[in-house]
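Novice: Structure for this input, please:
(4 chains)
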There are 4 protein chains.
Amino acid sequence: MLFQVNEIMLNKERNVKLTTMLQSVSEDLGKIKKRPAVLIFPGGAYAVCSDREAEVVAYPYLQAGFQAFVLRYSVGEYKAWPNPMEDYEQTMELIKEKEDEWNVITDKIAVIGFSAGGHLAATAATCAKTRPNAAIIGYGALTQEIVDFCGPNMPYPVDCVDADTCPCFLFAARDDSAVPVYNTIDFERALYNYSISFEAHIYAYGEHGFSTGESNMAITDMCSRVPHWVKDSIDWLYDVFGTWNTEGLNKPKCSAKLDGNAEEFLSLDCTIDYLRKQGKAAHQVLSGAFAAVEAVARERFGNEESGKLVLAALKNMNFRNLLILIGQPEESIAAIDAALCKIPNEKMKT
Amino acid sequence: MLFQVNEIMLNKERNVKLTTMLQSVSEDLGKIKKRPAVLIFPGGAYAVCSDREAEVVAYPYLQAGFQAFVLRYSVGEYKAWPNPMEDYEQTMELIKEKEDEWNVITDKIAVIGFSAGGHLAATAATCAKTRPNAAIIGYGALTQEIVDFCGPNMPYPVDCVDADTCPCFLFAARDDSAVPVYNTIDFERALYNYSISFEAHIYAYGEHGFSTGESNMAITDMCSRVPHWVKDSIDWLYDVFGTWNTEGLNKPKCSAKLDGNAEEFLSLDCTIDYLRKQGKAAHQVLSGAFAAVEAVARERFGNEESGKLVLAALKNMNFRNLLILIGQPEESIAAIDAALCKIPNEKMKT
Amino acid sequence: MLFQVNEIMLNKERNVKLTTMLQSVSEDLGKIKKRPAVLIFPGGAYAVCSDREAEVVAYPYLQAGFQAFVLRYSVGEYKAWPNPMEDYEQTMELIKEKEDEWNVITDKIAVIGFSAGGHLAATAATCAKTRPNAAIIGYGALTQEIVDFCGPNMPYPVDCVDADTCPCFLFAARDDSAVPVYNTIDFERALYNYSISFEAHIYAYGEHGFSTGESNMAITDMCSRVPHWVKDSIDWLYDVFGTWNTEGLNKPKCSAKLDGNAEEFLSLDCTIDYLRKQGKAAHQVLSGAFAAVEAVARERFGNEESGKLVLAALKNMNFRNLLILIGQPEESIAAIDAALCKIPNEKMKT
Amino acid sequence: MLFQVNEIMLNKERNVKLTTMLQSVSEDLGKIKKRPAVLIFPGGAYAVCSDREAEVVAYPYLQAGFQAFVLRYSVGEYKAWPNPMEDYEQTMELIKEKEDEWNVITDKIAVIGFSAGGHLAATAATCAKTRPNAAIIGYGALTQEIVDFCGPNMPYPVDCVDADTCPCFLFAARDDSAVPVYNTIDFERALYNYSISFEAHIYAYGEHGFSTGESNMAITDMCSRVPHWVKDSIDWLYDVFGTWNTEGLNKPKCSAKLDGNAEEFLSLDCTIDYLRKQGKAAHQVLSGAFAAVEAVARERFGNEESGKLVLAALKNMNFRNLLILIGQPEESIAAIDAALCKIPNEKMKT
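Specialist: Predicted coordinates for the structure are as follows:
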């Protein structure tokens, strides 16, 4: 069979089940054998796993060429943390173990979660042992008050974001009265703070639990933009994982990180402010460059303060971009970068 | 399991298989129990059934809430007509038999066929014993030369269109070098001649065999509009079958026929020309109306010939629309219609 | 002429110009006479008004039926605050004065601003004397560091949001290296804090200054979603202003505020937390309702703390929605609302 | 002014007016100076020029970067043929004369016509002295009965299609009761017969006169696909004219003709059937190739007749494509092509 759907009991005691929705290899479908995959977590306040956000979510990703999985994780009497997270880790292990049988590219796995499932997806993205490679989070429970409402001892994703967090795609409705939209906004801010790549869509209205936004499942009044998240998230996954065709995979267009602040060694891909806070070695390499920036700013804006204002305004810009902007010669930029690359990064909170 | 995929051997000797892709009932998904369905016929020149146009086509319709079936009909050494048509008829019987188990609304079944599969879909739509309720036909083999190339004794769909043909959605690429696009054009004309409702999209380029037009399956150069047929065909099915939501089904927005020419009795929904060619009884009822039209035309366009020109130009318009257009009073229109409805339709070729 | 474009010199000394792009009344276009309007502020760091974000932005809104204006406000040597704001106020006065000649519905005017023009739009939305009725803000300079970079003494929109702020539509690219995307994120949070309705789209990449995202103007690498903001903003304006057709205007689908916290008198449309912080009179009216919520929570979640957790988690929900959620009878809800509506609102910061 | 709208009286006696809607050159908009253009013909049965299909149609093309013109041609008492055609020719001359002032690329001009204006656009495309470079034709009056209804002595576009006809984009609604949809279908067939490139969209319902399909102008019930023609026609123009950006123009993706049948000399780009009907010289060059095709067909399909069937089925395919399909070596294909290119084309009706 070209397409097979099966249910695997992952944990009988806690009734944890994995639905596998797998596309087989076929000569008619070209040279592609293994495929990127999505792993879906339904919502339901950790009380249930709603069928509204399960297999129905998989279809568009299957159409787009992905393999798909739905995890019905520990809920209700079994929801005690870290049970759901263990279910996720167990699933990832299983997928990696079966990569040849299931035809999955195991470093291109995206989690997709809704509401409480969005909490699980965000937790996987920010503090799992085995991180996913991308996370799509719909009206997720991401901040303290809402997470506490789901159950005790659960991590607050908004506080767990770190430099290893994978790229995220966020969506929610402004008028969500179950999980207030500041959950999504504050998570955007946390991702920004750690230079993580993301995309976010907050729709004017659509309330909570709209799933794919398909009209046949509608329970709330949704603005016309709500269903767009599905195709947008697929195009975003293509940006992050790369597209593929019958000949093979292409390179991603969108890198996971916005700068080099989290790397082992410094570089001009680090942000201006981050480089300023480094030690003596970095200062020596960069002093000329900083002076050049200030000179250009003074000249262009005509007063002594301009240099500082520019550096404050653009503090989150990569230093490389700034040097290009002010017209520094290519060789000079390359030389500074080479020097920085020898200096170990004194990792700091931003 | 909420979603189940199975393969049924319909005819072991001829290797005919039906893949069933069925969504179960769930409280979470609302009151909807039975669903409209699509039945997919892959292409392959009746030599093979291509995996490119099989399960991958089902996913977007599943997302839109339909049940889905893929029929791998008789091909290769078993392609002799009417084998493939028998496979279709057998499938329809089986679906109707299992409607309660499979949760299918059996008078809302659309066939979807590509290339040779488009031939089978069009044949089902125009001359099967059990007709489908809608047909989606992609780069279909619909005219003599191309059909003859597929095999002997196969019907030419373009010549089989009749008043009972179901609404059709057609698509193809202008530069198709395997099945020239006049196949689709001539089928449009045949549907027009029989007052059948249809929608048709001919894309500037995309060649033959683009399937859903998903980039990961692309083998030809496609213009940006090609993949639109998928969503457009779904919105069209909603128009023809009616949308549904968690509360139940809504009424269709688009009727299957453009006029009343194929009904048992006459009415003002018949076209002008059709009514003119009817016998004495119809003439007596309509003579006043024809005179009124001519009088209005003379007055508006100022010469004796205008009446005839108007009636020639609008010969395919419903007479009702014309009477509304020239401002006849409602009661008068109702009276004419009531009189016509008693006169048996002398069925004629248009 | 059905469509006229003119340039009006608003302030010769400061070279402030208003381009009017006005659709005339025509019988062919139905009963619509006056139309909603958009007022566009190009970007350019208050140094220039860029042609990239001027008339080209108006076309899609004209197509959608709006009147359009482009304001080239005080920049360069004339940028000193409040000059640009005065230009805006002068424009609004002029439009209101000419509403009959220009066929503008003067309580349906949206400002659209980019970058520094986004600063002006956001300032108009949050602290102008005459507020617009909606604001569309693209990669806007909205926070202190970036605003200071544009010039001294300019207000920081993110700090000016108040309960009278109009609904906002925000968009930006994650990788914007000129105006970091936290400007947009922090403005979303401020709008949330004041219960203002908004929609927001942050695209994975597109850098700064992409304007409408039309390919013929592209200067940066943009992800495929970037150009969507144009149509999305139009559909959002239809939600906020109401659609119209040849027969007249329809009611808006999306209200400007999410709750009643900013009204003169209390009501059940106020949020739970807001009502809790009101005085004795409100407490007396609501004590029974609070007890009912806690009882339901205890029963459903089974421990003493549940009531508090629910009320904390849902503190931003309208109390009306919560009472519906826990199944309070309609009459009881109406009675509580009627009692609250007599109690003056002790306006508080949220 | 960056964007200027003016009205030019082309013929005072007949009240013929040209509205020019012109985008100026600006450094902010990149190196692009001259632009492709659209020339719009409103409908109105040659009795009037409707404002519904005039300036409102121009906006999306302006947004897409085109220059735009609206021609209010001779109608009513001045409609006598060839007055409207003369108005068109006069306009084209004027545009070519003013190409530097108006910044128009004069070999990238598309006409856009609706209903009677569609008749004028199709007549320009098929029999004008100065042909446009592309034609977009909406619910056009293209066949005898409907054209006769508009006025005497007007050409029937469906009969005028020739090998020099420009690429066409057609759209109409299936339920059009004013201009029956066979007008569009029969025009598609005529374009096919002359190997002209085209794209065509027939929507299930939308009646006559829907213009851009914008909701604010709706007078009829339109299916959701109707408004798509606007963006689709722009993307098609980009395919036919080439896209452009701030750096300059790119090459078109879609050629105007499907084969080489209308060229001075023969080539392998001619269709199979066309080459078969040529004289002795061509036969000599091609005899080996024909034999190769028949041999491959016999081998693959296993009987004597296969060769003929294949050649009949694929008679409209370019011979080059067929030779590639059957695996002929590149040098052999090049040699045949070189020999054919020396043989004058005996031009024949297809």
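Novice: C-alpha only now, for contacts and for neighbours.
Specialist: Fine.
Novice: separation between residue A:331 and chain B?
Specialist: 40 Å (CA to the nearest CA, to the nearest Å).
Novice: Just say helix, strand or coil for that residue.
Specialist: helix (DSSP: H, G, I helix; E, B strand; the rest coil).
Novice: One more: residue A:9?
Specialist: Following three-state DSSP, residue A:9 is assigned to strand.
Novice: Does it touch residue A:71 like I think?
Specialist: No: between residue A:9 and residue A:71 there is no contact under CA atoms under 8 Å: 10.1 Å.
Novice: By mean pLDDT, flag the weakest helix or strand of chain A.
Specialist: The least trusted helix or strand in chain A, going by mean pLDDT, DSSP states H and E, turns out to be helix A:306-313, with a mean of 78.
Novice: Tell me how many other residues crowd residue A:160.
Specialist: By other CA atoms under 10 Å in any protein chain shown, 17 other residues sit near residue A:160.
Novice: Walk me through the domains of chain A.
Specialist: A:3-249, A:272-340 (automatic domain parsing).
Novice: For those domains, which has the smallest mean pLDDT value?
Specialist: Note on these: domain A:272-340 shows the lowest mean pLDDT, a mean of 87.
Novice: Next, the distance between the ends of it.
Specialist: Taking CA to CA, to the nearest Å, the first and last residues of domain A:272-340 lie 13 Å apart.
Novice: does it come close to chain C?
Specialist: Yes: using CA under 8 Å from any CA of the partner chain, domain A:272-340 reaches chain C at A:309, A:310, A:312, A:313, A:314, A:316, A:317, A:318.
Novice: Of the residues you listed, which is the nearest to residue A:126?
Specialist: Residue A:126 lies nearest to residue A:316 out of these, by CA to CA, at 21.9 Å.
Novice: From chain B, how far off is the closest one?
Specialist: Noted for residue A:316: a distance of 36 Å to chain B, by CA to the nearest CA.
Novice: Could you look up the SS state of that residue?
Specialist: coil.
Novice: check contacts around it.
Specialist: For residue A:316, the contacting residues are A:271, A:272, A:273, C:177, C:180, by CA atoms under 8 Å, 6 or more residues apart in numbering or on different chains.
Novice: so which of those is the most crowded?
Specialist: When these are compared by neighbour count (other CA under 10 Å), residue C:180 ends up highest, at 27 neighbours.
Novice: quick one: the strands in the stretch 201-350 of chain A?
Specialist: A:244-245, A:248-249 (DSSP state E, counting those that start in this stretch).
Novice: How about residues contacting the first one?
Specialist: Read it as strand A:244-245. A:30, A:32, A:250, B:215, B:216, B:217, B:218.
Novice: Residues of chain A that sit close to chain B?
Specialist: Proximity of chain A to chain B is confined to A:1-5, A:7, A:26, A:28-30, A:50-52, A:55-57, A:59-60, A:62-65, A:214-219, A:243-246 under the rule CA under 8 Å from any CA.
Novice: So among those, which ones count as buried?
Specialist: A:3, A:5, A:29-30, A:50-52, A:55-57, A:59-60, A:62-65, A:214-219, A:243-246 (16 or more other CA atoms under 10 Å in any protein chain shown).
Novice: Export the domains of chain A as TSV, with columns for distance to residue B:229.
Specialist: Shown next, in TSV, are these (distance: least, CA to CA, whole Å):
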stretch	distance to residue B:229
domain A:3-249	14
domain A:272-340	43
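Novice: what's the most buried one of those domains?
Specialist: domain A:3-249 (a mean of 21; mean count of other CA atoms under 10 Å in any protein chain shown).
Novice: Quick one: end-to-end distance for that one.
Specialist: 21 Å.
Novice: quick check, distance from the top strand by length along chain A to the centre of its chain.
Specialist: Secondary structure of chain A read by DSSP state E shows that its longest strand is strand A:104-114. Averaging C-alpha positions (CA atoms, centre = their mean, to the nearest Å) puts strand A:104-114 11 Å from its chain's average.
Novice: again, but for stretch A:78-95
Specialist: The chain centre lies 19 Å from the centre of stretch A:78-95; the measure is CA atoms, centre = their mean.
Novice: The residue of chain A found nearest chain D - nearest residue in space that isn't next to it in sequence?
Specialist: Going by CA to the nearest CA, chain D is nearest to residue A:224 of chain A, at 12.9 Å. Spatial nearest neighbour of residue A:224, excluding adjacent residues (CA to CA, 6 or more residues apart in numbering or on different chains): residue C:235 at 7.4 Å.
Novice: Same question for residue A:65.
Specialist: Nearest to residue A:65 is residue B:216, by CA to CA, 6+ apart, at 6.6 Å.
Novice: Is the one you found in contact with residue A:247, as I believe?
Specialist: No: counting by CA under 8 Å, residue B:216 does not reach residue A:247; the two are 9.1 Å apart.
Novice: so who does the residue of the stretch 1-150 of chain A found nearest chain B touch?
Specialist: Per CA to the nearest CA, residue A:59 is where the stretch 1-150 of chain A lies closest to chain B, at 5.1 Å. Listed by CA under 8 Å, 6+ apart, the contact set of residue A:59 reads B:59, B:60, B:62, B:63.
Novice: Which of those fall within helices?
Specialist: B:59, B:60, B:62, B:63 (DSSP state H).
Novice: Quick one: residues contacting the last one.
Specialist: This means residue B:63. A:56, A:57, A:59, A:60, A:214.
Novice: Overlap of the contact sets of residue A:9 and residue A:71?
Specialist: A:16, A:17, A:18.
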